[in-house]
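Chemist: My questions concern the predicted model and sequence given below.
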Amino acid sequence: MPLLVTSLKTPIGTLNLLADDQILIGANLSNIAAFKVSQEIKVVKSIPVISELIDGYFDGDLTAINAIKVRQAGASFSQESWKAMRKVKAGTVISYADLADKAGSPAAVRAAGSACANNAIMLVVPCHRIVKTGGALGNYAYGVDKKQWLLSHEGFL
């Protein structure tokens with residue numbers, strides 16, 4: 001079965017989605033080629049359920065994306081970091097140090113930052129909710145302006 005690919009127009013740009021049936025395995029604001037898949041892909045108008053839930057998020061149902069199943073390859077600390085990110089509620093943030101702690105290794109703050117940087121499922125695995133200790137926004141792969149927009153949309157800023 002081919003992987004499904006679609007692109008959605010959103011307030012922060014074109015969001016590209018890659019799914020294996022009903023499991024989201026990639027989401028980016030760059031381009032479909034950035035997914036680097038070796039499997040057959042099928043471009044579709046929308047991915048059932050996933051596209052609707054993301055539209056719901058942008059329409060104001062901030063919890064809609066919590067229902068999306070995800071999967072991405074990565075080392076065990078990254079996996080734990082991504083799980084911890086998904087538990088950070090919309091409208092709140094945690095620090096990279098908090099993320100390291102929640103992922104099971106309080107001293108691994110840089111590794112927590114790397115897990116954010118290597119997150120292949122932006123928005124749904126909400127790395128935008130991770131900030132520097134002290135509250136500064138920190139970096140964001142798609143630009144701090146997009147991170148600011150998402151945090152404002154969620155009511156944090």
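Modeler: Sure thing, it's come through. Numbering: from 1, shown residues only.

Chemist: mind listing what R110 touches?
Modeler: Residues near R110 by CB atoms under 8 Å, 6 or more residues apart in numbering: none. Every C-beta, even on glycine, is put in place using the N, C-alpha and C of the backbone.

Chemist: Can you give me the pLDDT of it?
Modeler: R110 carries a pLDDT value of 96.

Chemist: For it, what is the enclosing helix or strand?
Modeler: Using DSSP states H and E, R110 sits within helix 109-117.

Chemist: what's downstream of that helix, the next helix or strand?
Modeler: For helix 109-117, the following helix or strand on the C-terminal side (DSSP H and E) is strand 130-131.

Chemist: can you list contacts of the helix or strand just after that next one?
Modeler: Proceeding N to C from strand 130-131, the next assigned helix or strand is helix 144-153, under DSSP H and E. The set of residues external to helix 144-153 that reach it, using CB under 8 Å, 6+ apart, is 11-13, 29, 58, 62, 93, 123, 126, 128-129, 137, 140, 157.

Chemist: chain center to the helix holding R110: distance?
Modeler: 14 Å (CA atoms, centre = their mean, to the nearest Å).

Chemist: Please name the nearest non-neighbouring residue to the spatially most central residue of the chain.
Modeler: In the chain, the residue lying closest to the centroid (CA atoms, centre = their mean) is M122, at 2.3 Å. In this structure, M122 finds its nearest non-sequential neighbour in A27, 5.2 Å apart by CB to CB, 6 or more residues apart in numbering.

Chemist: about what we covered before: surely the residue nearest to the centre of the chain touches S30?
Modeler: No - applying CB atoms under 8 Å as the test, M122 and S30 come out as separate, 9.7 Å apart.

Chemist: hey, what's in contact with both of the two?
Modeler: Here M122 and S30 share the contacting residues Y142, scored by CB under 8 Å, 6+ apart.

Chemist: What's the local residue count around G56?
Modeler: By other CB atoms under 10 Å, 15 other residues sit near G56.

Chemist: Tell me the confidence at it?
Modeler: 98.

Chemist: what does L157 give?
Modeler: Looking at L157, its pLDDT reads 89.

Chemist: I'd assumed T14 was in contact with the residue nearest to M122.
Modeler: No - using CB under 8 Å, A27 makes no contact with T14, being 11.3 Å away.
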